[in-house]
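Q: fold the following, please.
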Amino acid sequence: MSNPQHLQYSKDHEWLTAASEDGVSTVGITQHAADALGDIVYVQLPEVGDTVTAGEPCGELESTKSVSDLVAPATGEVTETNQDVVDDPALVNSAAFEGGWLFRVKVTEAPADLLSADEYSEFTQA
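A: Below you'll find the predicted structure:
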């Protein structure tokens, strides 16, 4: 499994794009996390306008195996959620790095401990 090089990763298994010109980044969970969860059947995302805090739960992912917290990889205001994933949670399993993104956030603070793709790959091998 290859992690896209252009993303940053949290140790909670979320990914974050570099902020666009307007300061907005896209958030999702990694393929590693999606595979570990198994078939995702329900997604609860933060609401547009909510403030999320890096390292704090902001939603849930429910699979046929368990329920896991969605942990914000950065602090900021939610600007958009992916309704496609709410309607079809299996997108997270089938396209974790593309159509299975979860929400967009106008980042006010990105943690210093985000990992590069290579660092995340090493982290998940441990």
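Q: every contact and neighbour count from this point should use C-alpha atoms.
A: OK.
Q: buried residues in the longest helix anywhere in the chain, which are they?
A: The residue-count maximum for a helix in the chain (DSSP state H) belongs to helix 117-125. Residues of helix 117-125 classed as buried under the neighbour-count rule (16 or more other Cα atoms under 10 Å) are 117, 120-121.
Q: before we move on, what about stretch 15-32?
A: Across stretch 15-32, burial judged by 16+ other Cα under 10 Å covers 15-16, 24-32.
Q: same check on stretch 78-95?
A: Of the residues in stretch 78-95, 78-81, 85-86, 89-94 count as buried by neighbour count, 16+ other Cα under 10 Å.
Q: give the rounded mean pLDDT of that stretch.
A: Averaged across stretch 78-95, the pLDDT comes to 97.
Q: returning to that earlier point: ok, the buried residues of stretch 78-95 vs T108, which is closest?
A: Using Cα to Cα, V78 comes nearest to T108 of those, at 10.9 Å.
Q: can you classify the residue nearest the centre of the chain as helix, strand or coil?
A: Residue closest to the mean C-alpha point of the chain, counted by Cα atoms, centre = their mean, is G28 at 2.4 Å. Under the three-state scheme (DSSP: H, G, I helix; E, B strand; the rest coil), G28 adopts strand.
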